[in-house]
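1. One predicted model, sequence on top.
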Amino acid sequence: MLVKIHGSAVFGVEAITIIVEVNIDKGIGYHLVGLPDNAVRESSYRISAALTNVNYKLPGKKIIINMAPADIRKEGAAYDLPIAIGILGASGQIQTDSISEYVIMGELSLDGKLQPIKGALPIAIKAKEEGFKYLILPKENAKEAAIVSGLTVYGVDNILQVIQHFNEEEQLEPTIIDAEEAFNQREESLEFDFSDVKGQESIKRCMEIAAAGGHNIVLIGPPGAGKTMLAKRLPSILPPMTLDEALETTKIHSVIGKVKNSGVLRQRPFRAPHHTTSDVALVGGGQYPQPGEISLAHNGVLFLDELPEFKRSVLEVMRQPLEDREVTISRAKFTITYPSSFMLVASMNPSPSGFFNDENNIMSSFPAEMQRYMSKISGPLLDRIDIHIEVTPVPFEKLTEVKKGESSVEIRKRVIKAREIQSLRFKEFNNVHYNAQMSVKQIREFCVLSDESKTLLKNAMEKLNLSARAYDRILKVSRTIADLENSTEVTGNHIAEAIQYRSLDREGWLG
């Protein structure tokens, strides 16, 4: 008897429907074909033990299992449950009248319990797109999959529940979640708040501008100046994610199994990989490509602490994702694209000793030493960072102040207003939501300068020897500064402030 069970394979952030065909005939043997990996081939042992422990059995006949399409590699133990149900259906141990309406996925333990799987959300989205009515998967993944409306999701603990469901002995309870309501109930408690930061008003201003326009920023200063402290507080002033952004971000985290019972992600991601990370870990890849840190930071913040300590090859692979806001991983047989629209926040010391050229400090570094250290970061990469700002140590008087600084909640209100202006401005453009995403054509349209502003920018370009990309960055930042002031025009003051945020382009900034 032949039975077909529908499962799903995840490639990138998209799913592909897999048909598990099980045929039982005269003879003896167990044959699994269709390009399975080792984890799938080992499923026979798990399935045999699981069925025995719930008082069912693997038939002693010739079992042929084909996983179609046969030219797509099948990975992981999540195919245990569809294969097991297919064997039971083909051997007549369960009813299969309505089984074509189901997508079934799950990893089996030897006692019949189900382990969580990866990629439940993309699987649920694909199941709905292809017209399936039901999705059965482990209970820990049920909330994540139930975000998709129009699909009945059953979360199960044990294969016995699935068997009883198809034999109409006991009906499964669907998991019902209103994605919009669950998303709107998010908690706004802040672990880090800008009110904890003493002094550093100019740096706070930079962080506000960066958050308002989605600009990349690098902080340069000696140890203990507060670079990491400021970076960790940036997510607290970013606008809350929209439901579409949350679903897109959840999809990526689902692929690596980081969602499970939490359902839709509510907070913007903040990723801070160590400086020993590899280029594959950062941008994604591997023999069977997985998303890297830049994709896991999608719609959030990627924080690179001690930027010059990262391998140069690791930093250089970020060039294209920073421009295109997506990363494409190519292999001989397939190509996968992961979204990577993130805010890059980097911090660095100006030299190996960590100190500026200061004659009053015995640990200070010479300009040549500082320049040699800074040269570890390429010019093209720095060009892609909109804001460069020096972070100086906080004076004792500021550290001992009892008065708290402006809170993240107050700063966030201004950021949200600026983002609303930008959303209205770019409403007719696809994939452009804030100033940092503007193309050259949009910059020319929305950053029109007066003759006075053009002269100011021309002088800065010539004096600082800025590149064309740096010119565009200054215009983007000045547009954001104008939005924070609710100004329709970009004035000379906005241009002048934006130029000040290109510290690494200024000759002599090292002292």
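-> It's in. Predicted model, so just to flag it, every value in this text is computed and none were measured. Numbering: from 1, shown residues only.

2. care to break this structure down by domain?
-> For the chain, automatic domain parsing gives the domain ranges 2-177, 194-505.

3. any chance of those domains in JSON lines, plus mean neighbour count and mean pLDDT?
-> C-beta: built from backbone N, CA, C; applies to glycine. As requested, the domains of the chain are exported to JSON lines (neighbours: other Cβ atoms under 10 Å; pLDDT from 0 to 100):
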{"stretch": "domain 2-177", "mean neighbour count": "19", "mean pLDDT": "94"}
{"stretch": "domain 194-505", "mean neighbour count": "18", "mean pLDDT": "87"}
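
4. Tell me, how many residues neighbour the nearest residue to Gly92 once chain neighbours are set aside?
-> Of all residues not flanking Gly92 in the chain, Met1 sits nearest, at 6.8 Å (Cβ to Cβ, 6 or more residues apart in numbering). Counted with other Cβ atoms under 10 Å, residues neighbouring Met1 total 11.

5. how about Met1, what does it touch?
-> 23-24, 90-92 (Cβ atoms under 8 Å, 6 or more residues apart in numbering).

6. What's the separation between Gly286 and Val280?
-> Gly286 is 6 Å from Val280, where distance means Cβ to Cβ, to the nearest Å.

7. quick one, helices of the stretch 1-150 of the chain?
-> Using DSSP state H, counting those that start in this stretch, the helices found in the stretch 1-150 of the chain span residues 38-41, 43-53, 80-90, 120-129, 142-145.

8. Looks to me like Ser353 is in a helix.
-> No: using DSSP: H, G, I helix; E, B strand; the rest coil, the assignment for Ser353 is coil, not a helix.

9. Just the strands from the stretch 201-350 of the chain, written as ranges.
-> Ranges of strands within the stretch 201-350 of the chain are 217-220, 270-271, 284-285, 290-291, 301-304, 326-330, 335-339, 343-348, based on DSSP state E, counting those that start in this stretch.

10. The second one packs against which elements?
-> Think strand 270-271. strand 301-304 (3 or more Cβ pairs under 8 Å, 6 or more residues apart in numbering; DSSP states H and E).

11. Ok, the last one next?
-> The contact analysis (3+ Cβ pairs under 8 Å, 6+ apart) places strand 343-348 against helix 201-213, strand 217-220, helix 227-232, strand 301-304.

12. Spatially, what comes nearest to the residue positioned nearest the centre of the chain if we skip its sequence neighbours?
-> The residue lying closest to the centre of the chain (Cα atoms, centre = their mean) is Leu296, at 2.5 Å. For Leu296, ignoring the flanking residues on the chain, the nearest one in space by Cβ to Cβ, 6+ apart is Arg271 at 5.4 Å.

13. can I assume the one you found is in contact with Leu302?
-> Yes: if you go by Cβ atoms under 8 Å, Arg271 and Leu302 touch, sitting 5.3 Å apart.

14. do you know how far Ala272 is from Leu296?
-> 11 Å.

15. For the residue nearest to the centre of the chain, list the residues it contacts.
-> With contact taken as Cβ under 8 Å, 6+ apart, Leu296 is in contact with 252-253, 256, 258, 269, 271.

16. again, only using 10 Å
-> By Cβ atoms under 10 Å, 6 or more residues apart in numbering, the contact list for Leu296 reads 249, 252-253, 255-256, 258, 269, 271, 273, 284, 290, 302, 338, 340, 342.

17. ok, back up a step: please identify every residue contacting each of Gly286 and Val280.
-> Joint contacts of Gly286 and Val280 (Cβ under 10 Å, 6+ apart) are 292, 329.

18. what sits against Pro116?
-> Going by Cβ under 10 Å, 6+ apart, the list of residues near Pro116 reads 78, 106-107, 137-142, 144, 257, 259-261.

19. Relative to Gly155, which of these is nearest.
-> Proximity to Gly155 was ranked across these by Cβ to Cβ; first place goes to Ala142, at 2.7 Å.

20. My guess is the closest one contacts Leu151. True?
-> No: contact between Ala142 and Leu151 fails when scored by Cβ atoms under 10 Å: they sit 11.6 Å apart.

21. Name the residues contacting each of these two.
-> 124, 135, 174.

22. could these be laid out in CSV, adding distance to Ser43?
-> What follows is the shared contacts of Ala142 and Leu151, written out as CSV (distance: Cβ to Cβ, whole Å):
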residue, distance to Ser43
Ala124, 22
Leu135, 20
Pro174, 27
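
23. so which of those comes closest to Phe192?
-> Nearest to Phe192 among those, with distances taken as Cβ to Cβ, is Ala124, at 33.4 Å.

24. Verify the contact between the closest one and Ile136 for me.
-> No: assessed by Cβ under 10 Å, Ala124 is found out of contact with Ile136, at 11.2 Å.

25. intersection of neighbour lists for those two?
-> Residues touching both Ala124 and Ile136 by Cβ under 10 Å, 6+ apart: 103, 105, 142, 145, 153.

26. Can you check what angle separates the helix or strand where the last one lies from helix 120-129?
-> According to DSSP states H and E, Val153 maps onto strand 152-156. For strand 152-156 against helix 120-129, the angle between stretch directions is 140 degrees (axes from the mean of the first three to the mean of the last three Cα atoms, to 10 degrees).

27. Strand 152-156 pairs with which strands, and in what direction?
-> If you go by DSSP bridges, strand 152-156 pairs up with strand 134-138 (parallel), strand 174-175 (antiparallel).

28. Would you mind saying which of these lies nearest Leu265?
-> Among those, strand 174-175 comes nearest to Leu265, with 17.6 Å by Cβ to Cβ.

29. Can you classify Glu181 by secondary structure?
-> helix.

30. circling back to that earlier point, return the closest of the contacts of Met1 with respect to Pro321.
-> Asn23 (45.7 Å).

31. Relative to Ile203, how far out is the closest one?
-> Asn23 is 67 Å from Ile203, by Cβ to Cβ.

32. Gly286 too?
-> Distance from Gly286 to Ile203, by Cβ to Cβ: 37 Å.

33. Can you check which strand is longest in this structure?
-> strand 14-25 (DSSP state E).

34. Helix 80-90 and that one, what's the angle between them?
-> Using the same axes, to 10 degrees: strand 14-25 against helix 80-90 is 30 degrees.

35. Paired strands for strand 14-25, with orientation please.
-> As assigned by DSSP bridges, strand 14-25 forms pairs with strand 2-11 (antiparallel), strand 62-68 (antiparallel).

36. between that strand and strand 335-339, how big is the angle?
-> 130 degrees.

37. And strand 14-25, how far out from the chain middle?
-> Relative to the centre of its chain, strand 14-25 is centred 30 Å away, using Cα atoms, centre = their mean, to the nearest Å.

38. Out of the strands of the stretch 201-350 of the chain, the one nearest His165 is which?
-> strand 290-291 (32.9 Å).

39. Help me confirm that Lys417 is found in a strand?
-> No: when classified by three-state DSSP, Lys417 is found to be helix rather than part of a strand.

40. right, and it touches Asp483 too?
-> Yes: Lys417 is within contact range of Asp483, at 8.3 Å (criterion: Cβ under 10 Å).

41. which neighbours do those two share?
-> Listed as contacting both Lys417 and Asp483 by Cβ under 10 Å, 6+ apart are Ala212.

42. ok, Arg319 to Leu382 distance?
-> Distance from Arg319 to Leu382, by Cβ to Cβ: 11 Å.

43. and the gap between the residue nearest to Gly92 and Val448?
-> Met1 is 73 Å from Val448, by Cβ to Cβ.

44. And Lys26, by the same measure?
-> Per Cβ to Cβ, Lys26 is found 81 Å from Val448.

45. List the contacts of Leu35.
-> Here Leu35 is in contact with 67-75 (Cβ under 10 Å, 6+ apart).
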